[in-house]
Each structure stands twice: as structure tokens, then as C-alpha cells.
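Chemist: Got a predicted structure plus its sequence, pasted below:
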Amino acid sequence: MKVLLVTGAASGIGRATALRAAAAGYAVAVGTFKGDPYDVEPVVDEIIAAGCRAISVQADVRSTEEMSAAVQATVAEFGRLDAVVANAGVLKLAPLEVLTDEDWYRILDIDLTGVMRTVRAAVRALPADGAVVVVSSIAGAAVGWSGHTPYTSAKAGLIGFVRSAALELGPRRVRINAVLPGVIESPQSLDPVNSGGPGGLERSAPTIPLGRVGQPADVADAILFLLSDSARYVTGQALTVDGGLTAAWPT
């Protein structure tokens, strides 16, 4: 049995990843944080009801101490840690002319530094052939997004982080890769204030070569591939999961 820790797992891509991983035979530590509007316990209950093993862990990526404790709790419960998915992130509409230092630092602290804290806490526990997947985005890593410079800066920064971390972890045979989701139907994208909302998703669908907005499970399956032995010779890479959106010339 392999053991996976997923941050930001109460909803969206994190939830889908936890469920997909459990179905694939992982025991899962389902990460959440105090103040998350989504309850993590139904995710844990669904995994256990399917006959798999899961626990919830407090994993606030803003806290070095809490991330270390999350790793320790996972190892204490399951006896090991084999893989990590650094998924936790936030989004806020913040055009440059009104962007505050507070918002800039808060978003980078969670979306970029929070990933570092997650990986840093986990690396000593990961065995040879362990794996890490970082959830970035096409926004920042591939394209810009007006009104969201803190978010895109963080997501672009994750690509550099993954490449450098791959060089450090490679001699230990620990792999680290990123996924770049496109337009995915999730609580974040359904937010009509800070993202496109339902209307934005509806308008996006015809612009995507595969003809639909993505679902969290589409990204989760790509994450599970990168964690698996099928990707045993893949590290330091970024896998785009966007239905072909960034391959298309605008019409």
C-alpha cells in the first residue's frame, strides 16, 4: 500500500485526486485548513465507505509547523509517505491599479511559498521512487490573465520550482512534476467575482478544441499518471491538461 498526502483536498481538483488515488489503492491523508468553506470529512467518509483508508489532516500551507505536523500525522497513521500532491491555492481578482501589497503577498504566500512548504516538509519522509505533483495552471505558466498578476506570477514560479527541485531530488530517485490545468469546472472557476463564474465557463467551452470545459477528475487522472510507475522516468516536467486550449490559435 502506498500513501499519499493531498493539500487543499476538500473540494475541486484536490478532492478528485484524493478519491481517484484511493480507488487506485493509495491510503490518503486528505489535507484541509481551518476556515476552508468546504468540509473535508465527506471526502474521508466516501473513501472509507469504498473500503479504502483515509484520514483528514490539518495542512495549512501558510504554516511551516502545520505542514511538518501534517506529514508527521500521515506517517504516524499509515507508517510511511510515498507521494504528495501540492494542490492548495487561492485566487482573487486584483487589477494592478488597485492591487495591495497585502493581497500580493497573501496570494504568493499560499500559491507559491505554500507549495515550497509542502514539498520541504515531505521530502525527508519520501522514499526512493517517491513522487510529488505540483498543481500549477496554464494561467501564468502558459498564458497571462488580466487582473490576476499575483496568481499568474505564483503559478509561473511553480515551474521554476519544479525544475530546480527535480535536480535536487533526482539523486534520491524522488520525482517531481507539475500539472497545468486549463479551464476546469471547480469552486474556484465557478466564483463569479474572482473568476469567470458559470457564465465564463459556458463561454469558454466553444473555444476549447475538445469542445468542453474540464472536470476535476480530468486533472486528477493526469496527476495519478505522474505519481505512478508509468511515469517512472518523468521528472522536472509540466503536463498541460486543458483540452487543447493553449494549442489553439484564437478565432
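Modeler: Right, received. Where do you want to start?
Chemist: List phi and psi for the closest residue to A248 other than its chain neighbours.
Modeler: Using Cβ to Cβ, 6 or more residues apart in numbering and skipping residues adjacent in sequence, the residue nearest A248 is P209, 5.4 Å away. Yep, even glycine has a C-beta here, placed from its N, CA and C like the rest. Backbone torsions for P209, taken as degrees, to the nearest 10, come to phi -50, psi -40.
Chemist: Can you tell me which residue is spatially central in the chain?
Modeler: By Cα atoms, centre = their mean, the chain has its centre lying nearest to N87, at 2.1 Å.
Chemist: any low-confidence regions in the stretch 151-251 of the chain?
Modeler: Low-confidence segments of the stretch 151-251 of the chain (pLDDT under 70): 250-251.
Chemist: Show me the strands in it, by range?
Modeler: Taking DSSP state E, counting those that start in this stretch, the strands of the stretch 151-251 of the chain run over residues 175-181, 238-241.
Chemist: you'd agree the residue nearest to the centre of the chain is up against A16?
Modeler: No - using Cβ atoms under 8 Å as the test, N87 is too far from A16 to be in contact (9.8 Å).
Chemist: thinking again about what came up before, winner for burial among the strands of the stretch 151-251 of the chain?
Modeler: strand 175-181 (a mean of 26; mean count of other Cβ atoms under 10 Å).
Chemist: What pairs with that one, parallel or antiparallel?
Modeler: When pairs are called by DSSP bridges, strand 175-181 turns out to pair with strand 131-135 (parallel), strand 238-241 (parallel).
Chemist: chain center to that strand: distance?
Modeler: Its chain's average C-alpha position is 9 Å from that of strand 175-181, according to Cα atoms, centre = their mean, to the nearest Å.
Chemist: so what secondary structure elements neighbour the lengthiest helix in the chain?
Modeler: The helix that spans the most residues within the chain, counting by DSSP state H, is helix 149-169. Other helices and strands packing on helix 149-169, by 3 or more Cβ pairs under 8 Å, 6 or more residues apart in numbering; DSSP states H and E, are helix 101-108, helix 114-123, strand 131-135, helix 138-141, strand 175-181.
Chemist: okay, the angle between the first one and helix 149-169?
Modeler: Between helix 101-108 and helix 149-169, the angle comes out at 40 degrees (axes from the mean of the first three to the mean of the last three Cα atoms, to 10 degrees).
Chemist: Export only the CA atoms of helix 101-108, formatted as CSV.
Modeler: What follows is helix 101-108, C-alpha atoms only, in CSV (Å, rounded to 0.1, in the frame of the first residue of the first chain):
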residue,chain,number,x,y,z
ASP,A,101,0.8,44.7,-1.0
GLU,A,102,-1.2,42.6,1.4
ASP,A,103,-3.1,40.8,-1.4
TRP,A,104,0.1,40.3,-3.5
TYR,A,105,2.0,38.7,-0.5
ARG,A,106,-1.0,36.7,0.6
ILE,A,107,-1.6,35.0,-2.8
LEU,A,108,2.1,34.3,-3.3
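Chemist: Give me the contact list for that helix.
Modeler: Helix 101-108 is contacted from outside by 90-92, 94, 150-151, 153-154, 157, using Cβ atoms under 8 Å, 6 or more residues apart in numbering.
Chemist: How far does that helix sit from its chain's centre?
Modeler: With Cα atoms, centre = their mean, you get 19 Å for helix 101-108.
Chemist: One more: the longest one?
Modeler: Relative to its chain's centre, helix 114-123 lies at 12 Å (Cα atoms, centre = their mean).
Chemist: got the angle for that helix vs helix 149-169?
Modeler: Going by the same axes, to 10 degrees, helix 114-123 makes 20 degrees with helix 149-169.
Chemist: Quick one: mean pLDDT over helix 114-123.
Modeler: Mean pLDDT, helix 114-123: 98.
Chemist: Could I get the buried residue list for it?
Modeler: Under the neighbour-count criterion of 16 or more other Cβ atoms under 10 Å, helix 114-123 has 114-119, 121-123 buried.
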